[in-house]
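Asker: Predicted structure and sequence below. I'll ask about it afterward.
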Amino acid sequence: MRLLSYNIHKGVGGRDRRYRLERILQVIEEENPDLICLQEVDHNARRSRFDDQPKMVAKYFHLEGALFQMNCPHKEGGYGNLILSRWPFQRHHHVSLRLNRRKPRGAQLAVIDTPEGMLHLVHWHLGLAHKERRWQVDHLLNHALFRESAHLPTLICGDFNDWRNRLWKVAFSNHLFRQATSPPSHFRSFPAFLAVAALDKAFYRGDLAIRHARIIRTPLTRRASDHLPLVVDFHLTGNGRL
């Protein structure tokens, strides 16, 4: 099974600053993922021609399930997180990760009925400050909605904004998670045109094996967004059930 995680920057290129959603679609199409996790997806915003990007991307790929979480409203529109799945959702939740008066953030939780069993997928876009990110991770991993599916194989992905790669040691290791995107020097994803920081990550726990994880570096991915996409190939090693 293949997952793609990608901060698409509203479809605006990292260097040319041009809105070209078709470049994002081409990047995703070339990887042919079963699960698509996108951050900074616009809905009805001026900068992206008031496009309904969640609907447009879902229509393009014709996958079984689609979940959009509006995190940052702005006037009549805004942006947020999007999950697309080749397989149906058994249940799903949206959890706010906003701390005090900081920029709104959120996490999507979905239990997906894959051909290999039930997968618990968490998708998020974390904050810019270390203390904020630490709170967000602890808040989510101890949240009742997370715990109700914590017995299933769990995969957490997205834009972690973890420049110094500190979250595994201070948060995830205590919950027995392993990092699929290690060492960080092999997973530099930002800025796309000359990547120096490993911001896009994946962690996993339970009956789940990572076959391969990689950052996609091509001429197209260096233009399409300000982040490079992360692709994770994995399979479930047990028989996850609700």
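Answerer: Looks like it arrived, so ask away.
Asker: what about the strands in this structure?
Answerer: Shown for the chain, the strands assigned by DSSP state E span residues 2-7, 35-43, 65-74, 77-85, 89-96, 106-114, 117-125, 154-159, 178-179, 200-205, 208-215, 230-236.
Asker: I'd like to know which elements the first one is packed against.
Answerer: Counting by 3 or more CB pairs under 8 Å, 6 or more residues apart in numbering; DSSP states H and E, the packing neighbours recorded for strand 2-7 are helix 21-31, strand 35-43, strand 117-125, strand 154-159, strand 200-205, strand 230-236. Using the backbone N, CA and C atoms, a C-beta is placed for each residue, glycine as well.
Asker: Put together JSON lines for those, with mean neighbour count on each row.
Answerer: Output for these, formatted as JSON lines (neighbours: other CB atoms under 10 Å):
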{"stretch": "helix 21-31", "mean neighbour count": "17"}
{"stretch": "strand 35-43", "mean neighbour count": "26"}
{"stretch": "strand 117-125", "mean neighbour count": "24"}
{"stretch": "strand 154-159", "mean neighbour count": "26"}
{"stretch": "strand 200-205", "mean neighbour count": "24"}
{"stretch": "strand 230-236", "mean neighbour count": "20"}
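Asker: for this structure, where's the lowest mean pLDDT among helices and strands?
Answerer: strand 65-74 (a mean of 93; mean pLDDT, DSSP states H and E).
Asker: coming back round to it: in JSON lines, list the helices and strands packed on strand 2-7 along with mean pLDDT and distance to residue 143.
Answerer: As requested, the helices and strands packed on strand 2-7 are exported to JSON lines (pLDDT from 0 to 100; distance: least, CB to CB, whole Å):
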{"stretch": "helix 21-31", "mean pLDDT": "98", "distance to residue 143": "29"}
{"stretch": "strand 35-43", "mean pLDDT": "97", "distance to residue 143": "19"}
{"stretch": "strand 117-125", "mean pLDDT": "98", "distance to residue 143": "10"}
{"stretch": "strand 154-159", "mean pLDDT": "98", "distance to residue 143": "13"}
{"stretch": "strand 200-205", "mean pLDDT": "98", "distance to residue 143": "15"}
{"stretch": "strand 230-236", "mean pLDDT": "98", "distance to residue 143": "23"}
